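J.: Just to be clear, the model below is a prediction. Sequence and coordinates:
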Amino acid sequence: MTDLEYRELPRHIREYFSLISDTEFDEHPDVLDARQNISEAEARHQATIDRVSTYRLRLQDLEEQRGKALHEIRSMTEKRTRLLADLLLQGQSVDLNPDKDLQAQLERHQLFADAVELAKPTIEQRIKEAARAVSTSGPSCTSAEEHLRGVLDRLKLEEAHRRAA
């Protein structure tokens, strides 16, 4: 009920209305439904906030892992260069199996680093989409709260009229 609607009520109805507590209607089915709607809207809103947070944290974690993978690649490349030099300097029969294992590890790190780099713009886009969902789920909470206020005002007004009669 707006202030204008309240002021337009007859004085005795306003007095009764003001004396009636919202809590008198805590168990009314309409109030219970409205509170349930608020709870559901808030849960959806919180879920969208949590999704944004989770995506951001995951992207940060992936970027850290990518940095570590790139560091490993540099370190392993240096190690591989030394290993190859040692193997090749040994003489006639060169066993390159130790290099194959190191090369496979390098490839795994490179594949991961490339995957993160490739997926990063799409992940960032999903973060933006989730953030937009947060901004659209907030008004539904407000709308549910306004609906509850309307239900309570209607019930209080009905009760004020009963008491005035």
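T.: All right, it came through fine. Numbers count the residues shown, from 1 in each chain.
J.: ok now the helix or strand that residue 60 is a member of, how far from the chain's centre?
T.: Applying DSSP states H and E as the criterion places residue 60 in helix 29-89. Centroid separation for helix 29-89 versus its chain: 13 Å, with CA atoms, centre = their mean, to the nearest Å.
J.: for stretch 138-146, same thing?
T.: The answer for stretch 138-146 is 18 Å, by CA atoms, centre = their mean.
J.: List the buried residues in that stretch.
T.: Within stretch 138-146, the residues that count as buried by 16 or more other CB atoms under 10 Å are 140, 141, 144, 145. Where you see a C-beta, it was placed from the backbone N, CA and C, and this is true even at glycine.
J.: element containing the first one?
T.: Here residue 140 sits within helix 97-164, counting by DSSP H and E.
J.: what's the angle from that helix to helix 29-89?
T.: 170 degrees (axes from the mean of the first three to the mean of the last three CA atoms, to 10 degrees).
J.: for helix 97-164, what is the average pLDDT?
T.: Averaging pLDDT along helix 97-164 yields 93.
J.: Contacts only, for the residue nearest to residue 66 when sequence neighbours are not counted.
T.: Spatial nearest neighbour of residue 66, chain neighbours left out: residue 116 (4.2 Å); criterion: CB to CB, 6 or more residues apart in numbering. Neighbouring residues of residue 116 by CB atoms under 8 Å, 6 or more residues apart in numbering: 62, 63, 65, 66.
J.: What of residue 9?
T.: 17, 157.
J.: Could you report the separation of it from residue 137?
T.: 35 Å (CB to CB, to the nearest Å).
J.: still on that earlier bit, and the contacts of residue 116, which two are furthest apart?
T.: Farthest apart among the contacts of residue 116 by CB to CB are 63 and 65. That separation is 7.3 Å.
J.: Now do the SS call for residue 95.
T.: What DSSP: H, G, I helix; E, B strand; the rest coil gives for residue 95 is coil.
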